[in-house]
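> got a sequence here, can you build the structure:
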Amino acid sequence: MTFGPELVEPVQPYQARNTYLCPGCEQRIESGTGHLVVVPEEDPDLRRHWHHGCWYKELRRRGVLPNVG
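As a prediction, this is how the structure comes out:
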């Protein structure tokens, strides 16, 4: 799935074998936790692992998704 200049791929809990730091909240994404991998099309070396909620909050901040609530 693509959102603007990024490719977004879901990672299922059984696929998550490492621990990552979410750039949205700066908290750990523990192994075994489903999350998203976001890869900028222009610079794939900058791929990051995001919590689902943090990524959608980022999209709202960018104006890609409408604010709800």
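> may I ask which helix or strand of this protein has the lowest mean pLDDT?
Per-element confidence for the chain was summarised using mean pLDDT, DSSP states H and E. The lowest value among helices and strands belongs to strand 2-3, with a mean of 54.
> low-confidence stretches in this protein?
1-4, 68-69 (pLDDT under 70).
> quick one, helices of it?
52-62 (DSSP state H).
> count of residues packed around Leu65?
Around Leu65 there are 13 other residues, counting by other CB atoms under 10 Å. Where C-beta positions appear, they are placed from N, C-alpha and C, glycine not excepted.
> distance of Val11 from His52?
From Val11 over to His52 the distance is 10 Å, taken as CB to CB, to the nearest Å.
> would you map the strands across this structure?
2-3, 6-11, 20-21, 28-29, 35-40, 48-50 (DSSP state E).
> now these as JSON lines including mean neighbour count and distance to Arg61?
As requested, those are exported to JSON lines (neighbours: other CB atoms under 10 Å; distance: least, CB to CB, whole Å):
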{"stretch": "strand 2-3", "mean neighbour count": "12", "distance to Arg61": "13"}
{"stretch": "strand 6-11", "mean neighbour count": "15", "distance to Arg61": "14"}
{"stretch": "strand 20-21", "mean neighbour count": "15", "distance to Arg61": "19"}
{"stretch": "strand 28-29", "mean neighbour count": "16", "distance to Arg61": "19"}
{"stretch": "strand 35-40", "mean neighbour count": "18", "distance to Arg61": "14"}
{"stretch": "strand 48-50", "mean neighbour count": "19", "distance to Arg61": "13"}
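> name the nearest residue to Leu59, ignoring sequence neighbours.
With CB to CB, 6 or more residues apart in numbering as the measure, Leu65 is the residue that lies nearest to Leu59, at 4.5 Å, once sequence neighbours are left out.
> same question for Tyr14.
Counting by CB to CB, 6+ apart, Gly32 is the residue found nearest to Tyr14 once chain neighbours are left out, at 7.7 Å.
> show me the beta-bridge partners of the residue nearest the centre of the chain.
Of all residues in the chain, the one closest to the mean position by CA atoms, centre = their mean is Trp50, 3.0 Å from it. With DSSP bridges as the criterion, Trp50 is bridged to Leu36.
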